[in-house]
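Colleague: What follows is a predicted protein model with its sequence.
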Amino acid sequence: MTVSVGNNKSSVNQVQNATNALPSKNGSPWMPILVQKWRDKLQPFEQMLLYGLSLIMVKGAAFITLPLMTHFLSPADIGQLELLATTTVFFSLLVGLAMHENLYRFIATQKQPQLQKQLVSKLYYSTLLLSFGLCVLFGAMAFAFHSWSSAIISPVQQGLLGWVVMYESALAISFAWLRLHNKAWLFFKISIVTTMLQVCLVVTSLNWQPDFTTIFAIGVLCSTCQFVWLHCHNRFTLQFLSYQQLLKMLKYSAPLMLSALIAFGLNGGERWILAVQFDLTTLGVYAIAAKFALALGIALQPFHMWWMPKRFESWRTLGDSVTASKTQLGILLACVLSLLVSGFSQLFILYALPSDYQMAASLTAIALIAMLFKELTELTNIGILKTKQTQTLLLINGLITGITFALFLMLSLDSIWLMVLLLASSQMARFLVVTLCSQRSAKLPYQVAPLAFIVLATTASLLANAYMTNPVWMLPITISAFIFIATTAYYGRILPYYKPAAHSIRSKT
């Protein structure tokens, strides 16, 4: 057996170059290099931790003030506030045109920092101009139908809604720009300041003059502070997209906006149906359950903020195996967090809120199933976006939402339980269809069987907790689900990472 070494002189030069690249004993020490390597490895976790703490501060303010709000405001007032917030989200999606998605798809992939800054500046100011124009249009329509619109939302509330919607999409671009450049510390500072301001103002308002319009106005004020802060920090230069650039980006983002609006029917639009078919009191109780279900989305946001802006670049540079592994970790994290949120929220509702809201404890577990599959859809919907088939996503959301609302009308459901179960089933169907289409567009090597067992076990546990809110039964069910998920994840090679064995050097004979 022999080993071919090629030209001796070339080999000596290669060895000498490799030796010169190593730090000498009298030169740079090994320690700073090792420390830097560890910092690079820990940086994603540091970013996720900072984003997580920021979101806990921002969204946790709602849970901190929730007991106060339920004691000072009636379920009908909570329902009215939820209806106002839902309408704001709807118009934010409509006016925003999902323009921030263009930053992820077209700007984040640019390698030159100067070109990135130039493009994001154009996108930012073009989005502000578009949003302002659309707000003026909708404002004129509201003025034309003043008698009808004022019966639903007062003129003061309409003004607050229009103001926040005008800059909401530009604010999303500013936050995405921070995440793209790993400025988690700045995000953390903004979150702390605005959250403290909001909590102080809400507590003062509830003790002075409890009113849901004032609570909404405080949220608008804090959002405006974030917009002004980031506007001054980012210092985007005033320039606009060309007509061709704008059309290109709208062609990509407009179907995403329409798709999000249609999907909003399953995760927001149902509040309008509840308000019409039942009453504001029932909507208020459901709103409490929905807020706790939203905690799952909040808990997952650190992972989303770290992973979503980089997933296409990761697929391009690191390959499909790494992209699939990180997506699987997101799915596993979503399942674990849904069980944790279910246990905490149900106990909190039972023992911390007034008796008028007790029904929300059972509704929360079912609402969490809907939220879980919504988040799973966001994680697995990468192949469709990678291949720019946003029309497919629009078609899927349109069909699922249309079928769901048709069932609402045909069945004439008179029970909120059946409505929430139907919403959860619709989100599950949407997840399955989107995942299958995404895999057909651009396949990722998922560990399908272990992931399916984990998702099914989580769903079954949440259903059991919905019908057995007694802590005596909830605790063993949740613990059993955790054990099953951990075992399946480990033996299914989802956690921890399994690195392929290094290629052995074969000698030539």
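Modeller: Ah, there it is.
Colleague: contacts, neighbours, all on C-alpha from now
Modeller: Noted.
Colleague: End to end on stretch 141-154, go ahead and measure it.
Modeller: End-to-end distance of stretch 141-154: 15 Å, with C-alpha to C-alpha, to the nearest Å as the criterion.
Colleague: same question, stretch 273-289
Modeller: End-to-end distance for stretch 273-289, by C-alpha to C-alpha: 16 Å.
Colleague: For residue 247, pull up the helix or strand it's in.
Modeller: Using DSSP states H and E, residue 247 sits within helix 243-264.
Colleague: my bad, residue 408
Modeller: Residue-wise, residue 408 maps onto helix 390-411 under DSSP H and E.
Colleague: Helix or strand next in line after that helix, which one?
Modeller: In N-to-C order, the element after helix 390-411 by DSSP H and E is helix 416-441.
Colleague: by contact count, what packs against that next one?
Modeller: On a contact count with 3 or more C-alpha pairs under 8 Å, 6 or more residues apart in numbering; DSSP states H and E, helix 416-441 meets helix 360-380, helix 383-386, helix 390-411.
Colleague: Tell me what angle that helix forms with helix 360-380.
Modeller: 10 degrees (axes from the mean of the first three to the mean of the last three C-alpha atoms, to 10 degrees).
Colleague: average model confidence for helix 416-441?
Modeller: Average pLDDT, helix 416-441: 89.
Colleague: before we move on, what about stretch 167-174?
Modeller: 90.
Colleague: can you offset everything so residue one is 649?
Modeller: All set: I'll call the first residue 649, so the last point we hit is now stretch 815-822.
Colleague: what about it, distance to the chain center?
Modeller: Taking C-alpha atoms, centre = their mean, to the nearest Å, one finds the center of stretch 815-822 at 15 Å from the center of the full chain.
Colleague: about what we covered before: from the contact counts, what lies against the helix holding residue 1056?
Modeller: Using 3+ C-alpha pairs under 8 Å, 6+ apart: helix 1038-1059 touches helix 891-912, helix 1031-1034, helix 1064-1089.
Colleague: Pull out the buried residues from stretch 1083-1094.
Modeller: By 16 or more other C-alpha atoms under 10 Å, the buried positions in stretch 1083-1094 come out as 1083-1087, 1089, 1091-1092, 1094.
Colleague: Now the terminal residues of it, how far apart.
Modeller: OK, stretch 1083-1094 end separation, C-alpha to C-alpha: 11 Å.
Colleague: Residue 721 versus residue 728, what's the distance?
Modeller: Separation of residue 728 from residue 721 (C-alpha to C-alpha): 10 Å.
Colleague: before we move on, what about residue 1011?
Modeller: Applying C-alpha to C-alpha, the value for residue 1011 to residue 721 is 20 Å.
Colleague: So which of these two has more stuff around it?
Modeller: Shown here are residue 1011 and residue 721; by other C-alpha atoms under 10 Å, residue 1011 has more neighbours (26 against 16).
Colleague: per-residue confidence for residue 777?
Modeller: So, for residue 777, pLDDT stands at 93.
Colleague: Could you give the number of residues near it?
Modeller: 16.
Colleague: Roughly how far does it sit from residue 886?
Modeller: 11 Å.
Colleague: just residue 844 next, same as before
Modeller: 32 Å.
Colleague: of those two, who's got more company?
Modeller: Per other C-alpha under 10 Å, whichever of residue 844 and residue 886 has more neighbours is residue 844, with 14 against 11.
Colleague: other SSEs contacting the strand or helix carrying the more buried one?
Modeller: Mapping residue 844 onto the secondary structure by DSSP H and E places it in helix 832-856. Packed against helix 832-856 by the contact rule (3+ C-alpha pairs under 8 Å, 6+ apart) you find helix 678-720, helix 803-828, helix 860-882.
Colleague: ranking those by burial, who's on top?
Modeller: Mean neighbour count (mean count of other C-alpha atoms under 10 Å) peaks for helix 803-828 among these, with a mean of 20.
Colleague: now the angle from that helix to helix 860-882?
Modeller: 30 degrees.
Colleague: Report the inter-axis angle for helix 803-828 versus helix 832-856.
Modeller: Counting by the same axes, to 10 degrees, helix 803-828 lies at 160 degrees to helix 832-856.
Colleague: Is it possible to get a markdown table of the helices and strands packed on helix 1064-1089 that adds mean pLDDT and distance to residue 909?
Modeller: Formatted as a markdown table, the helices and strands packed on helix 1064-1089 follow (pLDDT from 0 to 100; distance: least, C-alpha to C-alpha, whole Å):
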| stretch | mean pLDDT | distance to residue 909 |
| --- | --- | --- |
| helix 1008-1028 | 90 | 14 |
| helix 1031-1034 | 82 | 17 |
| helix 1038-1059 | 82 | 9 |
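Colleague: would JSON lines of those with distance to residue 952 be doable?
Modeller: What follows is the helices and strands packed on helix 1064-1089, written out as JSON lines (distance: least, C-alpha to C-alpha, whole Å):
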{"stretch": "helix 1008-1028", "distance to residue 952": "8"}
{"stretch": "helix 1031-1034", "distance to residue 952": "16"}
{"stretch": "helix 1038-1059", "distance to residue 952": "19"}
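Colleague: right, and those helices - which one's nearest residue 755?
Modeller: helix 1031-1034 (14.2 Å; C-alpha to C-alpha).
Colleague: what packs against the closest one?
Modeller: So helix 1031-1034, by 3+ C-alpha pairs under 8 Å, 6+ apart, packs with helix 1038-1059, helix 1064-1089.
Colleague: change it to 10 Å
Modeller: helix 959-966, helix 1038-1059, helix 1064-1089 (3 or more C-alpha pairs under 10 Å, 6 or more residues apart in numbering; DSSP states H and E).
Colleague: which parts of the helix holding residue 844 are buried?
Modeller: By neighbour count on 16+ other C-alpha under 10 Å, the buried set for helix 832-856 is 832, 834-836, 838-840, 842-843, 845-847, 849-850, 853-854.
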